[in-house]
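[1] what's the 3D shape of this:
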Amino acid sequence: MKILLTAQGDYIAQRFDLAAEAVIATADNGVLSGRPRTIIMDRPSPENLSNMVMEENIAVVICGGIEERHYQFLQWKKIRVIDYIIGEHSVALERFLRGELHPGDILPLSRANLSL
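    Numbering: from 1, shown residues only. So this is what the prediction gives:
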């Protein structure tokens, strides 16, 4: 299964339509197959991002806020959307793979990004 996470640096992009980066990961039975890859888009575009989802055969989209029309389009195409996620995309991916990610989750910072 392929998973796309909208990104802004190390974090989930605040909004689907403003995401200029996408992280694509492939997983089998909850285990990553290789390293996730990051795609940097020319400019934020929900249409281009939706096209990428279709071209890459993405099964799950993990994002921040998303407009209803984009959400409905992805649902119509049978793509699972986990939205309103706040936090690091690496933590979101880990939680998803464990079956612990739900719409609206606010994720704790990873130890790597804690500054004491």
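[2] use CA for all of it now, contacts and neighbours both
    Will do.
[3] pLDDT-wise, which helix or strand of this structure ranks last?
    For the chain, the helix or strand with the lowest mean confidence is strand 31-32, at a mean of 92 (criterion: mean pLDDT, DSSP states H and E).
[4] what about the helices in this protein?
    Ranges of helices in the chain, per DSSP state H, are 46-55, 68-76, 89-97.
[5] dump the ones you listed to TSV, plus mean pLDDT and distance to Q14.
    Rendered in TSV, the data for those read as follows (pLDDT from 0 to 100; distance: least, CA to CA, whole Å):
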stretch	mean pLDDT	distance to Q14
helix 46-55	94	13
helix 68-76	96	15
helix 89-97	96	11
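[6] looking at those helices, which one is packed in the most?
    Using mean count of other CA atoms under 10 Å, the stretch among the helices of the chain with the largest mean neighbour count is helix 89-97, at a mean of 19.
[7] confidence score at S115?
    The model reports S115 with a pLDDT of 53.
[8] ok, the closest residue to Y11 other than its chain neighbours - how many residues close by?
    Distances taken as CA to CA, 6 or more residues apart in numbering put E88 closest to Y11, at 4.0 Å, once the chain neighbours are dropped. Residues near E88, counting by other CA atoms under 10 Å, number 21.
[9] quick one on the thing from earlier: of all the helices of the chain, which one is nearest D17?
    When these are ranked by distance to D17, counting by CA to CA, first place goes to helix 46-55 at 4.5 Å.
[10] mind putting the helices of the chain into a markdown table with distance to L32?
    Supplementary listing: these in a markdown table, determined by distance: least, CA to CA, whole Å:
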| stretch | distance to L32 |
| --- | --- |
| helix 46-55 | 18 |
| helix 68-76 | 23 |
| helix 89-97 | 8 |
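[11] which of these sits closest to D10?
    When the helices of the chain are compared by CA to CA, helix 89-97 sits nearest D10, at 6.2 Å.
[12] quick one on the thing from earlier: from the chain's centre, how far out does the least confident helix or strand of the chain sit?
    Strand 31-32 has its C-alpha centroid displaced from the chain centroid by 15 Å (CA atoms, centre = their mean, to the nearest Å).
[13] using PDB, write out every CA atom in stretch 93-112.
    Output in PDB follows, covering the C-alpha atoms of stretch 93-112 (Å, rounded to 0.1, in the frame of the first residue of the first chain):
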ATOM      1  CA  LEU A  93       3.700   7.600   9.500                       C
ATOM      2  CA  GLU A  94       4.900   5.500  12.400                       C
ATOM      3  CA  ARG A  95       1.500   5.900  14.200                       C
ATOM      4  CA  PHE A  96      -0.300   5.000  11.000                       C
ATOM      5  CA  LEU A  97       1.800   1.900  10.500                       C
ATOM      6  CA  ARG A  98       0.900   0.800  14.000                       C
ATOM      7  CA  GLY A  99      -2.800   1.500  13.400                       C
ATOM      8  CA  GLU A 100      -2.800   4.300  15.900                       C
ATOM      9  CA  LEU A 101      -3.400   7.400  13.700                       C
ATOM     10  CA  HIS A 102      -6.900   9.000  13.700                       C
ATOM     11  CA  PRO A 103      -8.300  12.100  12.100                       C
ATOM     12  CA  GLY A 104      -7.700  15.100  14.400                       C
ATOM     13  CA  ASP A 105      -4.600  13.700  16.200                       C
ATOM     14  CA  ILE A 106      -2.100  16.200  17.600                       C
ATOM     15  CA  LEU A 107       1.200  14.300  17.700                       C
ATOM     16  CA  PRO A 108       4.000  14.800  20.200                       C
ATOM     17  CA  LEU A 109       7.400  16.000  19.000                       C
ATOM     18  CA  SER A 110       9.900  13.200  18.400                       C
ATOM     19  CA  ARG A 111      13.000  13.200  20.700                       C
ATOM     20  CA  ALA A 112      15.100  14.300  17.700                       C
END
